[in-house]
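Undergrad: got a predicted model here, sequence first, then my questions.
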Amino acid sequence: MRANIIKYESFSEAEGGQPAASRLATSLTLAAMSLGYGVVQLDVTIVNTALDAMGKTLGGGIAELQWVVSAYTIAFAAFILTAGALGDRIGAKRVFMAGFAIFTAASLACALSPNAVFLIGARLVQGLAAAILVPNSLALLSHAYTDERQRGRAVAVWAAGASLALTAGPFVGGALITLVGWRAIFLVNLPIGLIGLWLSWRYAIETTRAPSREIDLPGQLAAIGALGALAAAIIEGGALGWEHPAVIGAFVAAIVLAVLFVWRESRAAQPMMPLALFGHRLFTLTTIVGLLVNIAIYGLIFVLSLYFQRVNGLSAWWTGLAFVPMLGAVLPVNLLAPRLAECIGPCPTIVVGACVSAFGCLGLLWIEAGTSYWSICAQLIAISGGLGLLVPPLTSTLLGSVEKARSGIAAGVLNATRQTGSVLGVALFGSLIAGGGAFEEGLHLALVISAAVLLLAAATIGFGARAPR
């Protein structure tokens with residue numbers, strides 16, 4: 001009898017590559033990590049459908065709404081590299097669970113916000129927690145799946161879940177706001193957080209700690225200050241005027257802090273952003289493209305969400321539905337992109353994707369109050385389809401441009417740079433519609449800038465990759 005049990009256990013292990021109990025644990029670890037990354041992406045898009053409702057309830061103008069979006073992405077962009085290093089130092093599981101707990105608590109604070117200032121502060125904490133969740137969820141996945149092939153499939157599921165959350169955000173947000181109110185878009189994070197915490201505590205395996213891994217605190221503070229000052233200058237420039245002393249002072253502070261950040265990173269023993277990575281030409285080019293693309297796309301999503309609600313008078317429900325075809329195009333095109341890259345090359349695929357998005361922006365230049373949604377739906381799909389086409393080859397090209405041992409920090413730099421682009425896009429485009437001119441004039445200018453920035457991204461990678469070394 002005992003021999004039969006041993007034989008059966010051995011057969012199960014040999015057939016699946018690992019015991020059934022272990023396979024269950026790794027699958028549930030994948031579920032927990034996917035929930036962590038998914039809730040981060042959900043809160044990127046779900047808030048856009050609630051902007052008008054938040055403004056009416058809490059007061060404030062375009063600038064306050066920009067801060068609601070930008071506070072999250074500023075903290076996300078500024079802390080993501082340090083969060084990965086912290087996980088290396090004290091263990092990714094500990095840090096990931098702390099991030100999930102903070103994100104859940106901050107979501108409750110967002111839902112209970114009595115005014116716009118409180119909400120902006122809670123969103124800042126949410127962004128900090130998001131920065132903790134993303135790199136450490138990937139580290140725990142890598143630790144759980146030792147087989148390279150299985151790890152690749154797990155990461156694909158992890159990324160697909162995030163894309164699904166990103167796509168579902170506007171639809172879910174519109175439904176919750178219509179049925180319950182805008183505060184519900186933050187309360188939905190509570191059960192996700194509790195389930196994710198329990199699964200992580202029960203099934204995730206702690207990573208090996210590296211106490212020698214240093215935290216670059218001076219570099220971190222300089223990065224937060226530079227990004228925050230730059231966002232403040234652009235956002236408040238639209239509200240106060242570009243010649244206002246506070247705006248000029250914020251620009252000066254951003255420049256000084258950015259210089260201090262570069263100076264610090266060039267001298268730190270373990271910098272949060274190793275400047276040596278930018279010695280790889282393709283790494284530099286893809287990082288620039290990631291920044292430019294996010295400036296164009298995410299700034300435009302912010303403006304379009306307000307256009308649908310404040311200009312065309314759509315409810316939160318219909319605004320959410322309006323974004324579903326746009327964001328829904330990303331996932332299937334993501335799956336097509338690697339095949340196209342195999343046929344024509346990754347850099348040409350990035351160029352095609354950026355150009356498709358740019359032409360989608362130009363196709364919207366005639367948009368005005370009362371324009372039928374169905375007459376602009378194809379252009380919206382083109383904008384997001386181009387994004388879906390360029391992101392996979394952009395990521396793979398960046399990772400392939402550096403040594404494998406540095407792929408983690410390279411991916412972190414790309415994420416930080418792209419989130420920085422999101423901050424700048426929302427700040428810049430929000431300032432265009434917050435100025436003294438008509439909303440439609442600001443929207444048209446935003447579309448022109450988006451198209452120009454996307455074409456610049458296409459030219460950067462198209463000509464830069466072919467330039468002689």
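TA: It's in.

Undergrad: residue 286 sits in which helix or strand?
TA: helix 281-306 (DSSP states H and E).

Undergrad: quick check: what element follows that helix along the chain?
TA: helix 316-328.

Undergrad: what's the separation between the closest residue to residue 53 other than its chain neighbours and residue 433?
TA: Excluding the flanking residues, the one nearest residue 53 by CB to CB, 6 or more residues apart in numbering is residue 182, at 4.2 Å. The C-beta positions use only the backbone N, C-alpha and C, and glycine is treated the same way. Using CB to CB, to the nearest Å, residue 182 is found at 20 Å from residue 433.

Undergrad: for the helix holding residue 286, what is the average pLDDT?
TA: The average pLDDT for helix 281-306 rounds to 91.

Undergrad: show me what it is packed against.
TA: Helix 281-306 sits against helix 51-58, helix 62-90, helix 316-328, helix 346-362, helix 377-400, helix 407-434, helix 439-464, with contacts defined as 3 or more CB pairs under 8 Å, 6 or more residues apart in numbering; DSSP states H and E.

Undergrad: how big is the angle separating the longest helix along the chain from helix 281-306?
TA: In the chain, assigned by DSSP state H, the helix with the most residues is helix 148-179. Counting by axes from the mean of the first three to the mean of the last three CA atoms, to 10 degrees, helix 148-179 lies at 20 degrees to helix 281-306.

Undergrad: contact partners of the next helix or strand after helix 148-179?
TA: As assigned by DSSP H and E, the chain's next helix or strand after helix 148-179 is helix 184-187. Contacting residues not belonging to helix 184-187 are listed as 46-47, 49-50, 107-108, 110-111, 172-173, 176-177 [CB atoms under 8 Å, 6 or more residues apart in numbering].

Undergrad: re earlier: looking at the helices and strands packed on helix 281-306, which is closest to residue 260?
TA: Residue 260 sits nearest to helix 62-90 of all the helices and strands packed on helix 281-306, at 14.2 Å, using CB to CB.

Undergrad: tell me which residues of the following helix or strand past that closest one come out buried.
TA: Later in the chain than helix 62-90, the nearest helix or strand by DSSP H and E is helix 92-111. Residues of helix 92-111 classed as buried: 92-107, 109-111 (neighbour count, 16 or more other CB atoms under 10 Å).

Undergrad: could you grab the helix/strand/coil label for residue 367?
TA: coil (DSSP: H, G, I helix; E, B strand; the rest coil).

Undergrad: so residue 229 touches residue 257, yeah?
TA: Yes - using CB atoms under 8 Å, residue 229 is in contact with residue 257, at 6.2 Å.

Undergrad: leaving out sequence neighbours, find the closest residue to residue 126.
TA: residue 106 (4.2 Å).

Undergrad: against residue 69, how distant is the one you found?
TA: Taking CB to CB, one finds residue 106 at 15 Å from residue 69.

Undergrad: just say helix, strand or coil for residue 269.
TA: Following three-state DSSP, the label given to residue 269 is coil.

Undergrad: and for it, the neighbour number?
TA: When neighbours are defined as other CB atoms under 10 Å, residue 269 has 6 of them.

Undergrad: now do residue 348
TA: Counted with other CB under 10 Å, residue 348 comes out at 17.

Undergrad: so who does it touch?
TA: residue 462.

Undergrad: and the pLDDT at it?
TA: Confidence for residue 348, expressed as pLDDT, is 93.

Undergrad: likewise for the one 4 residues further on?
TA: Note for residue 352: predicted pLDDT of 95.

Undergrad: wait, it sits on residue 389?
TA: Yes - counting by CB under 8 Å, residue 352 touches residue 389, with 6.4 Å between them.

Undergrad: the more surrounded of the two?
TA: Legend: neighbour count by other CB under 10 Å for residue 352 and residue 389, higher for residue 389 (27 against 20).

Undergrad: and the more buried one, how far is that from residue 114?
TA: Taking CB to CB, one finds residue 389 at 43 Å from residue 114.

Undergrad: what's the answer for residue 30, then?
TA: Distance from residue 30 to residue 114, by CB to CB: 39 Å.

Undergrad: likewise residue 299?
TA: 29 Å.

Undergrad: of the two, which one has the most company?
TA: residue 299 (28 against 8).

Undergrad: what sits against that one?
TA: For residue 299, the contacting residues are 422, 424-430, 446, 450, by CB under 8 Å, 6+ apart.

Undergrad: look at residue 243 and give its secondary structure.
TA: Classified using three-state DSSP, residue 243 is coil.

Undergrad: chain center to stretch 212-229: distance?
TA: With CA atoms, centre = their mean, to the nearest Å as the basis, stretch 212-229 stands 19 Å off its chain's centre.

Undergrad: thinking again about what came up before, would TSV of the contacts of residue 299 with pLDDT and distance to residue 37 be doable?
TA: Formatted as TSV, the contacts of residue 299 follow (pLDDT from 0 to 100; distance: CB to CB, whole Å):
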residue	pLDDT	distance to residue 37
422	88	16
424	92	23
425	91	22
426	89	21
427	89	25
428	90	27
429	91	26
430	87	27
446	93	29
450	96	27
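
Undergrad: adding distance to residue 261, write these out as CSV.
TA: Output for these, formatted as CSV (distance: CB to CB, whole Å):
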residue, distance to residue 261
422, 19
424, 16
425, 21
426, 21
427, 19
428, 21
429, 25
430, 25
446, 28
450, 27
